[in-house]
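> This is a predicted model, with the sequence first.
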Amino acid sequence: MISTSNKYQNGKGEHYPAIGNFIHYHIIENKIKKADVARTLGILPTGLNEYFKKESLQFAIIWKLSMAMNYNFIAHLGEYLPYRFETTREKALKEELAQKEALLQKMEIQMETLRELIKK
């Protein structure tokens, strides 16, 4: 017999965070008014409360919640993945940091050279 349950539900939250609880926790911790979020989304507050009970939400809903609360839930959820993802901005910042460290090292060498010249 073929199972009629959705495959994503087979793990029952063992392999991913329960998104509804995750979002509800963020709202509580940051003292965001649920009514304001529901109004921004164009849904009833009871509909928002239903989201909190869900283990999984559609990407579009997570996107809309992120926009309504000015918070990047997608990136935050990405932190729970077992591998690291580096954004384009992070790569650019790392490159800039490496350039500045190289410049700092060069300036330290020049400063040490000047100190030796002054001693003579």
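Cool, got the structure. Residues are numbered from 1 along each chain as shown.

> now the helices: where do they sit in the protein?
Secondary structure of the chain by DSSP state H: the helices cover 19-29, 34-41, 45-52, 59-69, 73-78, 88-119.

> As PDB, could you dump the C-alpha coordinates of the helix or strand of the chain with the lowest mean pLDDT?
Ranking every helix and strand in the chain by mean pLDDT, DSSP states H and E puts helix 73-78 at the bottom, with a mean of 88. What follows is helix 73-78, C-alpha atoms only, in PDB (Å, rounded to 0.1, in the frame of the first residue of the first chain):
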ATOM      1  CA  PHE A  73      14.300  34.200   8.400                       C
ATOM      2  CA  ILE A  74      15.700  32.500   5.400                       C
ATOM      3  CA  ALA A  75      19.300  33.400   6.300                       C
ATOM      4  CA  HIS A  76      18.600  32.600   9.900                       C
ATOM      5  CA  LEU A  77      17.300  29.200   9.000                       C
ATOM      6  CA  GLY A  78      20.400  28.700   6.800                       C
END
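
> And for it, what's in contact with it?
Helix 73-78 is contacted by residues 17, 19, 22, 23, 26, 62, 63, 65, 66, 85 when judged by Cβ atoms under 8 Å, 6 or more residues apart in numbering. In short, each C-beta sits where N, CA and C put it, glycine included.
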